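Novice: this is the structure alone, sequence omitted:
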């Protein structure tokens with residue numbers, strides 16, 4: 001998919017992809033430390049993937065984003081979802097959706113180096 005095609009993809013579709021990209025990245029990074037049990041991995045991964053954590057990550061990363069990346073985050077943040085977060089502040093939920101949309105956009109547009117850079121920074125910040 002080209003950058004333009006990815007940019008024109010619905011924000012919630014981008015967020016759907018970005019959610020899985022981030023979850024897998026975090027799980028893989030956490031398993032780099034040997035001898036963790038599954039429960040410990042789950043508890044540690046929640047620190048990164050919950051909406052409040054992602055909201056903080058996107059706020060910290062925003063100054064480093066390109067104009068197009070900021071637009072993708074904004075589109076994701078402003079997208080209307082039919083679901084309401086159970087355990088998250090609505091503002092954090094929308095910000096997290098923007099972060100996930102950015103990851104989905106980078107993945108679908110084939111910007112693997114930029115995606116890796118954003119993921120590595122997010123992991124370091126978390």
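Specialist: Structure's in. What do you need? Model, not experiment: these values are computed from the prediction.
Novice: what sits up against stretch 60-69?
Specialist: Residues outside stretch 60-69 that contact it (C-beta atoms under 8 Å, 6 or more residues apart in numbering) are 3, 7, 70, 73, 99, 102, 105, 106, 118, 121, 122, 125. All C-beta spots, glycine's among them, are computed from the backbone N, C-alpha and C.
Novice: off-centre distance for the helix or strand of the chain with the lowest mean pLDDT?
Specialist: Each helix and strand of the chain was given a mean pLDDT (mean pLDDT, DSSP states H and E); the minimum falls on helix 38-49 at a mean of 89. Chain-centre distance of helix 38-49: 16 Å, with C-alpha atoms, centre = their mean, to the nearest Å.
Novice: in it, what's buried?
Specialist: 44, 45, 48, 49 (16 or more other C-beta atoms under 10 Å).
Novice: now the helix or strand hosting residue 61 against helix 38-49, angle please.
Specialist: Using DSSP states H and E, residue 61 sits within helix 51-61. Here helix 51-61 runs at an angle of 50 degrees relative to helix 38-49 (axes from the mean of the first three to the mean of the last three C-alpha atoms, to 10 degrees).
Novice: and helix 51-61, average pLDDT?
Specialist: The average pLDDT for helix 51-61 rounds to 95.
Novice: could you identify the helix or strand that succeeds that helix?
Specialist: helix 67-78.
Novice: which one is the most centrally placed residue in the chain nearest to, not counting chain neighbours?
Specialist: Nearest to the mean C-alpha position of the chain, by C-alpha atoms, centre = their mean, lies residue 100 at 3.2 Å. Distances taken as C-beta to C-beta, 6 or more residues apart in numbering place residue 18 nearest to residue 100, at 3.5 Å, with adjacent residues excluded.
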